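1. Output the structure for:
(chains A and B)
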Amino acid sequence: ALAVKVQFVSTGGAPVLIQSEFKIDATEKFAKVLKFLRRQVQQDNVFPFINQAFIPSQDEPVGDLYKNFGVHGKLIVNYAPTLAWG
Amino acid sequence: QAMDARRHVWEGAIPISFQLDPSEIATAPAPLPLLLMAARNGYLPLLANRIRQYFQNAVLSSPSSSTPSSDQILWFDFKGLPLKWHIPTGVLFDLLCLEPQRPWDLTVHFRGYPSEMMAPYEGDEAVKWSFMNTLKEASYIIRGNTKNVMDLTQNDQNNLWSSIVKGLRPVFDVETISGIWKNTIASQLSLLVLGESKASQVARNGKVPLRLYVRAVNGGLDDPFSLAPVKSWNEVMILTRPVEILRQEEGLAFTLGDALVKVLPQYFGSSSEDPEHSSSDSRVDEYGPGVQFDGTVKIQGIQPNLDLPFDWVARNLAGQEHFTHVCLWVPGK
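-> Take a look at the predicted model:
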């Protein structure tokens, strides 16, 4: 199965991850990515944005997000402790 | 004709009969169902307050709280399938009821929110947030950034949202280039689909936001009544596939069929060898020359002719968040 490289980028004082790049199966929904991120940073209060622009629907497959919004071979997910680009 | 389409979309409301889950009824006799008209381009949670008020005296109180139902997050099911609240009501109806049921019989629950299946919404604010993010995503697809949405004044945002809540045709229309929507994503979409030469103003991406809901159906689609109801969301492929409108040869429009061939080539055959190019073949199928399709397509409650120009479809049948939602039933393997 196809895997997508997801890069988490911390902003606005959110905890920085030692390992920030992960491979996630293309068929996984964004909800899984968010759940994964929260577990990695060990807090629920993180808001993920694609390319610093928008929060995708929980249902969107990672593969679609990468296909539509990926840059340089990765899906960039910025995360902030607040609604930074809200 | 375009005005009629927009009016159809905006005034297209779905009559829904809400029945309280029998296992949650505390009173005898059981309450009658509540009949409401739901806007196609609205969201079910926006009806929650009215529904809660209507049923709250009949609902079994939960042991831990004194106000029986104030904290419960309402959710709905159709024939056992929990309804995803972030999908517009009209799309849910089209997808789950190929043969339209009037009124649409839904069951409302005050308890047991299926949070493993979908994130809960905390009131209208969460629904607005979801809508605004989808709008931003559309803006990003159309012009490569979300500037237009971020630049909306608080007043504009409120007006936009309030038109969704009320299920009214918005004051700002894609057709109106002047006024508040000038230089916003609605006008950008218009520029894009009208093929204006102001190419520099149009997105780097320059694509039309499209969302597809695909159900594979075994056996034919001859009898929609015999179609088994959806038992799980695993049966539906939900895809986001932005479509670039390709310049066609002189006189030929880029059609809805052409767009679908591009995004789902495995289901849409073209009469020509190369599925990438629409054919000007004289072969005539049910869906018009050039595009072969054995299934069913529904957008905003209608089964459109696949020969319709795609830009017309995008301009007139999109939701207010600027996504065009397409429901598809394809023959199963």
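2. Longest strand in chain A, by number of residues?
-> As assigned by DSSP state E, the longest strand anywhere in chain A is strand A:3-10.
3. which parts of that one are buried?
-> A:4, A:6-10 (16 or more other C-beta atoms under 10 Å in any protein chain shown). In short, each C-beta sits where N, CA and C put it, glycine included.
4. can you list the residues that contact stretch B:76-89?
-> A:57-59, B:14, B:18, B:38-45, B:75, B:92, B:96-97, B:104-109, B:114, B:117-118, B:121, B:127, B:130, B:134, B:229-233, B:319, B:325 (C-beta atoms under 8 Å, 6 or more residues apart in numbering or on different chains).
5. what about the longest strand of chain A, average pLDDT?
-> Averaged across strand A:3-10, the pLDDT comes to 95.
6. Tell me the buried residues within the contacts of stretch B:76-89.
-> Using 16+ other C-beta under 10 Å as the burial test, the contacts of stretch B:76-89 include A:57-59, B:14, B:18, B:38-45, B:75, B:92, B:96-97, B:104, B:106-109, B:118, B:121, B:127, B:130, B:134, B:230, B:319, B:325 as buried.
7. Can you tell me which of the residues you listed end up in helices?
-> B:92, B:96, B:127, B:130, B:134 (DSSP state H).
8. now, among those, which is nearest to A:Lys67?
-> Closest approach to A:Lys67 among those (C-beta to C-beta): B:Thr134, at 17.4 Å.
9. quick one: pLDDT of the closest residue to the closest one other than its chain neighbours?
-> Using C-beta to C-beta, 6 or more residues apart in numbering or on different chains and skipping residues adjacent in sequence, the residue nearest B:Thr134 is B:Glu321, 4.3 Å away. B:Glu321 is assigned a pLDDT of 87 by the prediction.
10. follow-up on the earlier one: now tabulate the ones in helices among the buried ones among the contacts of stretch B:76-89 in TSV and tack on pLDDT and distance to B:Glu244.
-> Shown next, in TSV, are these (pLDDT from 0 to 100; distance: C-beta to C-beta, whole Å):
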residue	pLDDT	distance to B:Glu244
B:Leu92	97	28
B:Leu96	95	30
B:Val127	93	31
B:Ser130	93	26
B:Thr134	93	20
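11. Now, the buried ones among the contacts of stretch B:76-89 that are in strands?
-> Among these, DSSP E puts B:14, B:18, B:38-39, B:75, B:104, B:106-109, B:325 in strands.
12. Of those, which fall within the contact range of chain A?
-> Among these, not one lies near chain A by C-beta under 8 Å from any C-beta of the partner chain.
13. how about those residues, which pair is most distant?
-> B:His109 and B:His325 (25.1 Å).
14. what residues are up against the residue of chain A found nearest chain B?
-> At 3.6 Å from chain B, A:Phe54 is the closest residue in chain A, using C-beta to the nearest C-beta. With contact set as C-beta under 8 Å, 6+ apart, A:Phe54 has these partners: A:85, B:133-134, B:136-137, B:140, B:146.
15. Which of the buried residues of strand A:3-10 sits closest to B:Pro331?
-> Proximity of these to B:Pro331 (C-beta to C-beta) peaks at A:Val4, which lies at 29.4 Å.
16. Do you have the helices of chain A handy? List them.
-> Under DSSP H, chain A gives helices at A:30-41, A:62-69.
17. repeat for chain B
-> Using DSSP H, the helices found in chain B span residues B:2-11, B:48-55, B:89-96, B:123-143, B:147-150, B:154-166, B:185-194, B:256-263, B:310-317.
18. Among the ones you listed, which comes closest to B:Pro242?
-> helix B:123-143 (4.5 Å).
19. Who are the packing partners of that closest one?
-> helix B:147-150, helix B:154-166, helix B:185-194, strand B:207-208 (3 or more C-beta pairs under 8 Å, 6 or more residues apart in numbering or on different chains; DSSP states H and E).
20. now with 7 Å?
-> Secondary-structure packing of helix B:123-143 (3 or more C-beta pairs under 7 Å, 6 or more residues apart in numbering or on different chains; DSSP states H and E): helix B:147-150, helix B:185-194.
21. Can you tell me which of the ones you listed has the worst average pLDDT?
-> helix B:185-194 (a mean of 50).
22. Provide a list of residues in contact with the residue in chain B that chain A sits nearest to.
-> Using C-beta to the nearest C-beta, the closest approach of chain B to chain A is made by B:Lys136 at 3.6 Å. Contacts for B:Lys136 (C-beta atoms under 7 Å, 6 or more residues apart in numbering or on different chains) come out as A:53-54, B:146, B:149.
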